[in-house]
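Undergrad: got a predicted structure plus its sequence, pasted below:
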Amino acid sequence: NMANIIFAFQGQSEFYEMAAEMKKPKRFPLSLGVSQSVMLTMYLFTALLCYTYGGQGVSEFILYSLPQNGLRTVCSLLVGIHIIVAYMITNQPLSYKAHEFLSKSTLHASSIKASLIHLCITVVFLGVGYVIANLIPFFADMQGVIAAFAASPIVFFFPAYFYWQASKRAGDWGKVAWYEKSWLFVMIFAIFPFCFFVGLVSSIKGIASGWSGESMVPFACIQASQL
């Protein structure tokens with residue numbers, strides 16, 4: 001699914017947070033390039049390995065294609081840990097902004113009141129996320145819809161468009177190299193529309209196919225034997 005591939009690389013919400021924590025923020029582009037290269041290598045390695053041994057019949061959720069033994073349980077636990085860590089990282093900016101909106105005076109305070117407010121915010125976000133994730137039986141396809149609407153503009157459209165407009169307002173657009181201009185326009189007028197519409201259509205088709213071909217219901221639990 002094109003949209004889920006984009007979603008896997010979408011981490012812009014954390015870039016400023018990570019750069020702010022670096023001793024030398026100017027080296028962030030290098031760090032970002034290395035991390036994205038490592039991610040791409042690991043994604044390709046996992047996908048190629050699974051399709052080499054599982055063929056076209058491999059499940060979209062790779063754990064379902066593993067033998068039902070202890071190793072599968074260990075892998076499931078590791079995936080759970082991965083989700084928890086990812087949630088804790090990505091939840092930080094959202095919780096921060098919510099806390100700032102609800103109680104700006106306690107945002108950076110170290111009091112019991114501030115801690116309780118932040119706790120309530122994070123618990124509400126966690127609860128809402130749990131309900132939504134379990135309410136939709138085909139959440140992977142729904143995630144694709146979200147990714148097509150949100151991730152593709154954030155990854156391809158907004159950075160290129162803002163750079164373009166900022167350069168024009170600063171009077172520096174004429175100094176931008178022709179190949180950089182070409183790449184900006186390719187991102188805005190080619191890559192973004194393609195990923196947006198193709199990802200959206202493929203995800204919607206997946207949801208329609210799932211509803212018509214399977215009898216999954218909201219909050220249906222996975223049997224322990226599957227793990």
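TA: Structure received.
Undergrad: alpha carbons only for contacts and neighbour counts from here, please
TA: OK.
Undergrad: counting contacts, what elements does the longest helix seen in the chain pack onto?
TA: The longest helix of the chain (DSSP state H) is helix 70-102. Taking 3 or more Cα pairs under 8 Å, 6 or more residues apart in numbering; DSSP states H and E as the contact definition, the neighbouring helices and strands of helix 70-102 are helix 12-21, helix 112-135.
Undergrad: and the angle from it to helix 12-21?
TA: 80 degrees (axes from the mean of the first three to the mean of the last three Cα atoms, to 10 degrees).
Undergrad: tell me the mean pLDDT for helix 70-102?
TA: Averaged over helix 70-102, pLDDT sits at 88.
Undergrad: same question for stretch 156-167.
TA: Average pLDDT, stretch 156-167: 92.
Undergrad: which parts of it are buried?
TA: Phe156, Phe157, Ala160, Tyr161, Trp164 (16 or more other Cα atoms under 10 Å).
Undergrad: format the residues you listed as CSV; extra columns: distance to Glu17 and secondary structure.
TA: Below are the buried residues of stretch 156-167 laid out as CSV (distance: Cα to Cα, whole Å; DSSP: H, G, I helix; E, B strand; the rest coil):
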residue, distance to Glu17, secondary structure
Phe156, 20, helix
Phe157, 21, helix
Ala160, 20, helix
Tyr161, 22, helix
Trp164, 24, helix
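Undergrad: now those in CSV, with distance to Ala147?
TA: Rendered in CSV, the data for these read as follows (distance: Cα to Cα, whole Å):
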residue, distance to Ala147
Phe156, 12
Phe157, 13
Ala160, 18
Tyr161, 19
Trp164, 24
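Undergrad: buried residues in the longest helix of the chain?
TA: Going by 16+ other Cα under 10 Å, helix 70-102 has these buried residues: Arg72, Thr73, Ser76, Asn91, Ser95, Tyr96, Ala98, His99.
Undergrad: now it, how far from the chain's geometric center?
TA: Offset of helix 70-102 from its chain centre (Cα atoms, centre = their mean, to the nearest Å): 11 Å.
Undergrad: thinking Phe149 is in contact with Val201, fair?
TA: No. With contacts counted by Cα atoms under 8 Å, Phe149 stays clear of Val201, the gap being 11.2 Å.
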